[in-house]
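Predicted structure and sequence below. I'll ask about it afterward.
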Amino acid sequence: MTTKALTRCYRFPSVDFEPDLRILVWQDGSETLLTVHESRLLEALCYCAGEVVNPQALYRKTFIQLDSYEENNQSNFDLNALLVSLNHKLSYQDQPAIAIEVVTNHGFRVPLPSKTCRLVHTFKQSGFTQFKNEAVEQEEDNQESATEHIVKHSMLHKISVLLLAAAGVALFFLADSILLQ
């Protein structure tokens, strides 16, 4: 069974980057999965392709919007480590597919894609290459959404649920007593 999805695509000579799916699709059809942050970083660079993006703007585009509910999000991420990881995944058969150029004292730049488009991506059952180690998989499995965090840890949420339940029970008994009269 195959599944199809319409996605955005940045097409480079030897690879297509599909940020909606967080994958790199190589010319031979193999695919490389990117982490959420790697994909957002590459998407920010591709969106500003040909321009030098300073590290502060790149950091904001990559992390702040995505993780605005996390505490101390400024200290959780290392942009340089992320760039090293991304550069590793952007190499295919010892050739850089998308060169991330470091412009000293100014920022980073990627070349213009040969095409920016929407295309229909066909998902295959196999052939999906993942560069994940166990620690990354465990970290992604342990991440919880802001809503889950509030439900699990917020005392105010627990009190409000208790008050709503008590009000519901009170209304039930009040309605029952009115009906009996």
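That came through fine.

contacts and neighbour counts: CA atoms only from here.
Will do.

Tell me where this structure has helices.
36-47, 55-59, 79-89, 134-142, 146-153, 155-180 (DSSP state H).

Point out the one among these that comes closest to Gly107.
Gly107 sits nearest to helix 55-59 of all those, at 5.5 Å, using C-alpha to C-alpha.

how far out from the middle of the chain is that closest one?
Taking C-alpha atoms, centre = their mean, to the nearest Å, the mean C-alpha location of helix 55-59 is offset from the chain mean by 16 Å.

residues of it that come out buried?
Under the neighbour-count criterion of 16 or more other C-alpha atoms under 10 Å, helix 55-59 has 58-59 buried.

for it, packing partners?
Contacts defined by 3 or more C-alpha pairs under 8 Å, 6 or more residues apart in numbering; DSSP states H and E place helix 55-59 against helix 36-47.

picking up where we left off before, tell me which of the helices of the chain lies nearest to Val25.
helix 79-89 (11.4 Å).

ranking the helices of the chain by burial, who's on top?
helix 36-47 (a mean of 21; mean count of other C-alpha atoms under 10 Å).

Now that one: average pLDDT?
Average pLDDT, helix 36-47: 90.
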